[in-house]
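Colleague: predicted coordinates and the sequence they were generated for:
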Amino acid sequence: MEAVNRLNLVIEDPHLDTDLKAIALKVFNNQRITFEEGVTLYKKGELGYLGVLANYIREKKNGNFTYFNRNFHIEPTNLCVYDCKFCSYSRLIKERSEGWEATMDEMLELVKKYDNEPITEVHIVGGVLPQYNMQFYMDLFSAIKKHRPNLHVKALTPVEYHYIFKKAKVDYATGMRMMKEAGLESMPGGGAEIFAPEIREQIANDKCNAEQWLAIHEEWHKLGMHSNATMLYGHIEEYHHRVDHMERLRALQDKTGGFQTFIPLKFRNKDNQMSHVPESTVIEDLRNYAIARIYLDNFQHIKAYWAMISRDTAQLSLSFGVDDIDGTLDDTTKIYSMAGAEEQTPAMSTQQLVELIKQVGRHPIERDTLYNVVTDYNEVAFEEKDGKKANYYSLPVLN
Ligand code: SF4
């Protein structure tokens with residue numbers, strides 16, 4: 001059944017709550033929902049209802065396409081001057097023996113390791129340490145671009161930029177311009193966590209605040225550049241904090257149009273200072289993707305990190321607003337595994353990722369960082385394994 005017909009069935013349901021019906025009508029009429037309506041979706045929206053609305057918007061914006069890209073990660077260090085309570089990845093400087101600190105040469109060696117691989121992007125992010133200062137990162141970006149000009153450098157978040165600009169005594173606008181001149185091409189979405197100060201102060205007290213995070217993205221967008229945005233959810237925040245977070249992103253996006261993708265990040269509780277906080281359920285994860293898709297009407301893409309939520313949930317998410325599954329990662333990132341993600345060695349070949357997307361009836365597209373099509377995999381046939389073809393099925397929840 002077409003997404004629009006499913007939406008009509010929802011709207012015509014005589015038993016549907018009146019608030020939910022009003023929201024479904026707004027979605028049908030392409031109207032923006034309010035803050036209060038966002039909270040209503042979290043409080044009252046059942047999974048099936050949310051999936052119908054989110055899938056309608058997803059297909060209107062991105063059709064059946066599901067994007068992925070091929071990247072590798074450089075994580076300069078897992079030592080950090082900050083002490084975010086949810087972080088399983090970092091070690092304080094006093095725990096130096098448990099961490100790593102990569103030199104410039106080691107990072108460039110890693111780049112060279114991929115010289116003959118069809119990779120389009122390097123994603124650089126890690127802990128915050130004084131020796132990784134502004135000059136260090138400018139040298140790193142220009143060295144990478146000199147070695148491989150076509151490799152897109154997506155690097156660092158406002159957490160690092162706020163820290164290194166402050167140390168170098170440059171304002172955000174000047175700092176971001178200098179980074180661009182050195183070779184930076186995109187900013188990933190990390191460090192956003194939850195913007196609301198009453199929650200942020202409890203889980204990530206000492207790093208950049210919401211206003212600073214947003215201001216750095218705004219300066220970057222003013223240069224004509226793009227970035228992503230994340231939200232860490234499912235810990236001590238309440239529903240209205242999630243809506244507040246998305247509201248602030250939606251407002252900045254209205255102003256600049258520079259965000260490409262919103263990435264909800266599920267809080268994981270392994271080996272961190274919030275291990276007593278239970279994790280969200282898969283149902284809540286899917287509801288959250290769907291509400292993000294409905295609320296963020298000016299974001300083109302919603303992304304799921306398959307390594308973080310498991311391959312099965314990633315497949316499901318494609319029916320709840322998600323149109324992008326992050327990368328054919330290899331084991332160059334430890335961010336997910338150290339936080340207790342499903343995937344302890346997050347490696348997936350292009351064939352596996354394409355099959356994962358096709359199994360749920362979606363159209364796989366390899367993209368570059370800016371969503372230009374690199375390869376359309378819909379008609380690409382891989383060798384059959386053990387004489388068996390991939391199964392195709394549609395998700396029962398929407399039928
Ligand atoms: S989340 Fe980032 S800034 Fe916070 S402690 Fe971990 S590495 Fe450092």
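Modeller: Cool, got the structure.
Colleague: pLDDT weak spots in this structure?
Modeller: In the predicted model, the chain carries pLDDT under 70 at residues 93-94, 327-346, 383-399.
Colleague: host element of the residue nearest the centre of it?
Modeller: A centroid search over the chain (C-alpha atoms, centre = their mean) returns residue 263, at 2.9 Å, as the residue closest to the centre. Using DSSP states H and E, residue 263 sits within strand 259-266.
Colleague: which one of the residues in the stretch 201-350 of the chain is closest to the ligand?
Modeller: residue 207 (5.1 Å; C-beta to the nearest ligand atom). Just so you know, the C-beta spots here come from the backbone N, C-alpha and C atoms, and that holds for glycine as well.
Colleague: just checking, that residue touches residue 82?
Modeller: Yes: if you go by C-beta atoms under 8 Å, residue 207 and residue 82 touch, sitting 4.8 Å apart.
Colleague: out of those two, which sits in the busier spot?
Modeller: Neighbour comparison, residue 207 and residue 82: the larger count goes to residue 207, with 22 against 17 (by other C-beta atoms under 10 Å).
Colleague: thinking again about what came up before, report the beta-bridge partners for the residue nearest to the centre of the chain.
Modeller: Beta-bridge pairing for residue 263 (DSSP bridges): residue 230.
Colleague: am I right that it is in contact with residue 189?
Modeller: Yes: with contact defined as C-beta under 8 Å, residue 263 counts as touching residue 189 (5.3 Å).
Colleague: what do those two both touch?
Modeller: Residues touching both residue 263 and residue 189 (C-beta atoms under 8 Å, 6 or more residues apart in numbering) are 228, 229, 230.
Colleague: the ligand contacts on the stretch 201-350 of the chain?
Modeller: Neighbours of the ligand within the stretch 201-350 of the chain, by C-beta under 6 Å from any ligand atom: 204, 207.
Colleague: doesn't residue 303 fall inside a helix?
Modeller: No: counting by DSSP: H, G, I helix; E, B strand; the rest coil, residue 303 falls outside a helix, being strand.
Colleague: residues contacting it?
Modeller: Listed by C-beta under 8 Å, 6+ apart, the contact partners of residue 303 are 228, 261, 262, 263, 322, 323, 324, 325, 326.
Colleague: quick check: residue 126 vs the ligand, distance?
Modeller: 7 Å (C-beta to the nearest ligand atom, to the nearest Å).
Colleague: which residues in the stretch 101-250 of the chain form helices?
Modeller: 104-113, 134-147, 158-168, 172-182, 197-203, 210-222, 239-256 (DSSP state H, counting those that start in this stretch).
Colleague: return the alpha-carbon coordinates of the shortest one using PDB.
Modeller: Right, helix 197-203. Only the C-alpha atoms of helix 197-203 are listed here, as PDB (Å, rounded to 0.1, in the frame of the first residue of the first chain):
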ATOM      1  CA  PRO A 197      20.800  23.400  30.300                       C
ATOM      2  CA  GLU A 198      19.200  21.600  33.200                       C
ATOM      3  CA  ILE A 199      20.000  18.200  31.600                       C
ATOM      4  CA  ARG A 200      23.300  19.300  29.900                       C
ATOM      5  CA  GLU A 201      24.700  20.500  33.100                       C
ATOM      6  CA  GLN A 202      24.200  17.100  34.700                       C
ATOM      7  CA  ILE A 203      25.700  15.000  31.900                       C
END
